[in-house]
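Participant: this one's sequence-less:
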């Protein structure tokens, strides 16, 4: 498949010498036939929806990314540091400040308000902040040695999603869509379960950039109609006539265009949108889920934010179960804050609120996937864009932590990863990485590897050179693979 190539310059969904543009130019029935007749003749659409061959046998088929936007504190979640409590209130000193951090002036160490305990048979350390995730400690792999680049939300969000602090590059989900395609022709390969807001860094976090537009995220909102215009206002016959007219216009425009990628992307989007009319509402409707599953996720919660997050987490399972390659879940926004884990003050109150809203559903997702035999083929990623400082200007009941990229934690589960382990270390205060440094390119490379893709060979030619998700960086973290 051209989508996994060192010299690909097309959408990667065509085999042989037959281009999508020439097919449309020569087809007597045009786009209407593709979109509607294809429902009865699936083989005619194999060029669009065919699953790509992988570079080597894949351990996983899908990814669910639980995006903890704002930056959860590593020293309050998965990286216990008793020295912080011992030295709480003492000045940190200049030696504790890195080039990625702020000045040491007036800053003191701040111990965690929560206790850490060893959990499960593995003895993995997890904070009391996460009682439900603590219950699945034997299913997760914690990376404690993450390094970022800039302690700014927008830049770190873009780095996390695209591998570039300035964006202008496809997101991880778009690369997965481009490389592997969708397993279900009625659904897009990349879906974001959003909460009607855009995180710092903007829509580029979910975009396809120079990849064909068909690989950008389709966004599903938590309430109301999941996708705009998903309910058709025209009859099936009228839709077919309109699609036929669009096909005629596309064919004429394609004849004049030197680069048909934008046209091809638009056509694929039209086709996918047509098929989504039935499938998306069915997946979004959770009424057929057993009561015990809804309770497991927390859908019955009286907390509005927890209820909505639980719904999106359960929809994530339904999406991958239906063949969607990459699903991202964002956190609910509190009081208009599009970085909900960003606690410069009121750390204890607001981290507990975020934990209450999200962690039961994340744990339930992993439990549910395992019960259904889907966890082995699904990688679940829990990550924010950064961590938080182990120090603060002054220790008070309402103090918080600031941005920290010199060492923080994420975790992953499923998809052939080791279970109940941690990898990498920060120093005794959780201030900087001292063992097994990991950056986001390594995480991206490892995720692609588990999907059967060599990150150095998944490329797209743009602007005169071959681009890849990991650029010139990244290594597969074989140490955490089972």
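Facilitator: All right, it came through fine. These figures come from a predicted structure and were not determined experimentally.
Participant: Give me the three-state assignment for residue 332.
Facilitator: Secondary structure, DSSP: H, G, I helix; E, B strand; the rest coil: residue 332 is coil.
Participant: What are the neighbouring residues in contact with it?
Facilitator: The contact partners of residue 332, taken as CB atoms under 8 Å, 6 or more residues apart in numbering, are 195, 222, 305, 308, 309, 340, 357. C-betas here are computed from N, CA, C, even on glycine.
Participant: could you redo the last one with a cut-off of 7 Å?
Facilitator: Neighbouring residues of residue 332 by CB atoms under 7 Å, 6 or more residues apart in numbering: 195, 305, 308, 309, 340, 357.
Participant: Assign the residue lying closest to it once chain neighbours are set aside to helix, strand or coil.
Facilitator: Closest residue in space to residue 332, ignoring its immediate chain neighbours: residue 305 at 4.1 Å, by CB to CB, 6 or more residues apart in numbering. Secondary structure for residue 305, judged by three-state DSSP, is helix.
Participant: give the contact list for residue 305.
Facilitator: Contacts of residue 305 (CB under 7 Å, 6+ apart): 332, 334, 357.
Participant: Most neighbours of all the contacts of residue 332, which one?
Facilitator: Neighbour counts for the contacts of residue 332 (other CB atoms under 10 Å) peak at residue 309, which has 31 neighbours.
Participant: Return the residues in contact with that residue.
Facilitator: Residue 309 makes contact with 331, 332, 357, 358, 361, according to CB under 7 Å, 6+ apart.
Participant: ok so, going back, let's have the contacts of residue 332 in TSV, adding pLDDT and secondary structure.
Facilitator: Shown next, in TSV, are the contacts of residue 332 (pLDDT from 0 to 100; DSSP: H, G, I helix; E, B strand; the rest coil):
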residue	pLDDT	secondary structure
195	73	coil
305	94	helix
308	94	helix
309	96	helix
340	94	coil
357	96	helix
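Participant: Now the two most distant members of these.
Facilitator: Farthest-apart pair in those is 308 and 340; separation 12.4 Å (CB to CB).
Participant: I figured residue 113 hits residue 348, correct?
Facilitator: Yes: contact status for residue 113 versus residue 348: in contact at 4.6 Å, counting by CB atoms under 7 Å.
Participant: hmm, back to that, any chance of the contacts of residue 305 in a markdown table, plus distance to residue 289?
Facilitator: A markdown table is the format used below for these (distance: CB to CB, whole Å):
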| residue | distance to residue 289 |
| --- | --- |
| 332 | 20 |
| 334 | 26 |
| 357 | 20 |
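Participant: Closest to residue 83 out of these?
Facilitator: Lowest distance from residue 83 to the contacts of residue 305 (CB to CB) belongs to residue 357, with 30.3 Å.
Participant: where are the low-confidence patches of the stretch 151-300 of the chain?
Facilitator: Counting by pLDDT under 70, the stretch 151-300 of the chain has low-confidence residues at 196, 228-236, 239-240, 243, 254, 257-276.
Participant: the helices in it, which residues?
Facilitator: For the stretch 151-300 of the chain, the helices defined by DSSP state H, counting those that start in this stretch occupy 153-162, 172-180, 236-256, 261-284, 291-297.
Participant: Assign a three-state SS to residue 88, would you?
Facilitator: Under three-state DSSP, the three-state class of residue 88 is coil.
Participant: Any idea how many residues pack against it?
Facilitator: Using other CB under 10 Å, residue 88 has 15 other residues around it.
Participant: ok, the contacts of residue 305 vs residue 405, which is closest?
Facilitator: When the contacts of residue 305 are compared for distance to residue 405 (CB to CB), residue 334 wins out at 23.0 Å.
Participant: For the closest one, which non-adjacent residue is spatially closest?
Facilitator: Nearest one to residue 334, counting by CB to CB, 6+ apart, is residue 340 at 5.4 Å.
Participant: Can you tell me how far the one you found is from residue 325?
Facilitator: Distance, residue 340 to residue 325, using CB to CB, to the nearest Å: 26 Å.
Participant: From residue 163, how far off is the closest residue to residue 469 other than its chain neighbours?
Facilitator: In space, and not counting its chain neighbours, residue 469 is closest to residue 175: 4.6 Å by CB to CB, 6+ apart. Going from residue 175 to residue 163 by CB to CB gives 9 Å.
Participant: So which of the two has more stuff around it?
Facilitator: Taking neighbours as other CB under 10 Å, residue 175 and residue 163 compare with residue 175 leading, 32 against 25.
Participant: The more buried one reaches residue 458, doesn't it?
Facilitator: Yes: with contact defined as CB under 7 Å, residue 175 counts as touching residue 458 (6.5 Å).
Participant: give me the number of residues near residue 53?
Facilitator: Neighbourhood size, residue 53 [other CB under 10 Å]: 10.
Participant: That one - that's part of a helix, no?
Facilitator: No: read with three-state DSSP, residue 53 is coil and lies in no helix.
Participant: Can you pull out the low-pLDDT segments for the stretch 1-150 of the chain?
Facilitator: Within the stretch 1-150 of the chain, the ranges that satisfy pLDDT under 70 run 1-52, 95, 97-104.
Participant: Could I get the full set of helices for it?
Facilitator: Remark: helices assigned in the stretch 1-150 of the chain by DSSP H, counting those that start in this stretch are 20-26, 30-35, 46-49, 82-86, 131-134.
Participant: now residue 84, nearest residue through space, not along the chain?
Facilitator: Residue nearest to residue 84 in three dimensions, not counting chain neighbours: residue 111, with 4.2 Å by CB to CB, 6+ apart.
Participant: do residue 71 as well
Facilitator: Leaving aside its sequence neighbours, residue 71 sits nearest to residue 386 (CB to CB, 6+ apart; 4.1 Å).
Participant: ok, the one you found - how many residues close by?
Facilitator: Using other CB under 10 Å: residue 386 sits among 33 other residues.
Participant: repeat for residue 252
Facilitator: When neighbours are counted by other CB under 10 Å, residue 252 registers 11.
Participant: For residue 82, see how far away residue 421 is.
Facilitator: From residue 421 to residue 82 the distance is 21 Å (CB to CB).
Participant: got it, and residue 207?
Facilitator: Distance from residue 207 to residue 82, counting by CB to CB: 43 Å.
Participant: residues in contact with residue 283?
Facilitator: Per CB under 7 Å, 6+ apart, neighbours of residue 283: 315, 318, 319, 322.
Participant: Out of the residues you listed, flag the one nearest to residue 244.
Facilitator: Lowest distance from residue 244 to the contacts of residue 283 (CB to CB) belongs to residue 322, with 28.8 Å.
Participant: close enough to count as contact, the closest one and residue 184?
Facilitator: Yes: if you go by CB under 7 Å, residue 322 and residue 184 touch, sitting 5.5 Å apart.
Participant: Residue 83 - nearest residue in space that isn't next to it in sequence?
Facilitator: residue 428 (4.5 Å).
Participant: Just the local confidence number for the one you found, please.
Facilitator: On pLDDT, residue 428 comes in at 97.
Participant: what does the longest strand seen in the chain contact?
Facilitator: Counting by DSSP state E, the longest strand found in the chain is strand 140-147. Outside strand 140-147, the residues that touch it by CB under 7 Å, 6+ apart are 74, 78-79, 124, 405-413, 417-419, 421-426, 433, 435-439, 480.
Participant: can you rerun that using 6 Å?
Facilitator: With CB atoms under 6 Å, 6 or more residues apart in numbering as the test, strand 140-147 has contacts from 78-79, 408-413, 417-418, 421-424, 433, 436-439, 480.
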